[in-house]
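> Quick one, structure for this:
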Amino acid sequence: MYPLIEIKTVPIEIEMKTKNARLEYTRGTAEMEISRDDGGMKIKSRPIKLRLDSFEARNSITPTTMRSIEQAAEAGRQAAYSATAQYTQRGKLLLNAKVGQELITQFAEEDMMKNIKTNVGLEFLPKTGVEINWEEGEMQIRYEMDKLNFDWKMNNGEFKFVPGDIEISIAQRPEVIIKYVGGALYVPPSADPNYEPPEVEA
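Residues are numbered from 1 along each chain as shown. Predicted structure coming up:
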């Protein structure tokens with residue numbers, strides 16, 4: 001007699017994947033920006049300046065009304081001072097008890113010579129020259145070369161630690177497989193087409 005049932009067990013199947021820890025290094029980067037500033041040449045020039053002031057020279061020839069009044073007033077003041085000094089000096093001399101004809105004659109000659117000198121009218125014109133002032137010329141030259149600007153942007157390298165990883169997965173679950181391997185069962189047994197009655201010994 002052979003077994004009618006076949007029992008088969010399937011064990012569990014587990015897959016395990018591991019990743020080792022690692023240290024990653026990222027290289028540094030460098031960027032450079034270049035900019036240019038244009039130079040140039042600048043020239044600044046200022047010519048010489050000449051100033052001529054002829055006011056006093058013109059007034060000595062044809063004075064203005066105001067200047068004429070000032071000159072006349074000044075001349076009158078100087079004449080009064082001179083006459084006062086002269087009369088004072090002559091008065092002192094006349095107080096002397098011994099006043100002779102010679103002193104009076106001397107006074108007359110002095111007055112006559114003074115009038116001659118005053119009325120001659122010889123005078124150099126203009127009395128003063130033109131006033132001249134001047135400023136020196138100036139020239140400035142400024143030259144600037146072109147400029148190159150370098151801007152460096154540095155990024156240092158970095159170390160990055162990547163931890164390890166363990167991945168566990170179940171590829172096959174455990175199971176029990178029961179399989180019937182026998183033939184068909186007939187009830188009654190005589191219904192089996194291949195039925196052979198048992199031999200009975202007498």
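
> And for the nearest residue to A30 once chain neighbours are set aside, the neighbour number?
Ranked by CB to CB, 6 or more residues apart in numbering and with sequence neighbours excluded, the top spatial neighbour of A30 is M154, at 5.4 Å. To be clear about C-beta, it is placed using only N, CA and C from the backbone, and glycine gets the same treatment. M154: 9 surrounding residues under other CB atoms under 10 Å.

> shouldn't M154 be in contact with G28?
Yes: assessed by CB atoms under 8 Å, M154 is found in contact with G28 at 6.7 Å.

> The protein: helices as residue ranges?
With DSSP state H, the ranges of helices along the chain come out as 55-61, 65-94, 101-119.

> need the least confident one among these, by mean pLDDT.
Mean pLDDT per stretch puts helix 101-119 lowest among the helices of the chain, at a mean of 61.

> pLDDT at F124, what is it?
Reading off the model, F124 has pLDDT 62.

> OK, contacts around the most centrally placed residue in the chain?
By CA atoms, centre = their mean, the chain has its centre lying nearest to D37, at 12.4 Å. Contacts for D37 were tallied using CB atoms under 8 Å, 6 or more residues apart in numbering; they are D146, K147, L148, N149.

> Could I get the pLDDT score of it?
For D37, the model assigns a pLDDT of 85.

> Over to the one 3 residues further on?
In the prediction, the pLDDT value recorded for G40 is 84.

> need the contact list for it.
Counted by CB under 8 Å, 6+ apart, G40 has contacts Y143, E144.

> Report the beta-bridge partners for it.
E144 (DSSP bridges).

> Then F159?
Beta bridges link F159 to Y25 when assigned by DSSP bridges.

> And it, how far from L23?
6 Å (CB to CB, to the nearest Å).

> next one: D38
50 Å.

> burial count for the residue lying closest to I12 once chain neighbours are set aside?
Distances taken as CB to CB, 6+ apart put P174 closest to I12, at 4.1 Å, once the chain neighbours are dropped. By other CB under 10 Å, the residues close to P174 number 10.

> Just list the residues touching P174, thanks.
Contacts of P174 (CB under 8 Å, 6+ apart): T9, V10, P11, I12.

> Please work out how many residues are found near the third one.
This means P11. A count of nearby residues for P11, using other CB under 10 Å, gives 9.

> mind checking the backbone torsions on it?
Backbone torsions of P11, given as degrees, to the nearest 10, read phi -70, psi 160.

> what's the pLDDT at it?
Note for P11: predicted pLDDT of 91.

> Any idea how many residues pack against R173?
There are 9 residues near R173, going by other CB under 10 Å.

> I meant A57, not that one.
Neighbour count for A57, taken as other CB under 10 Å: 16.
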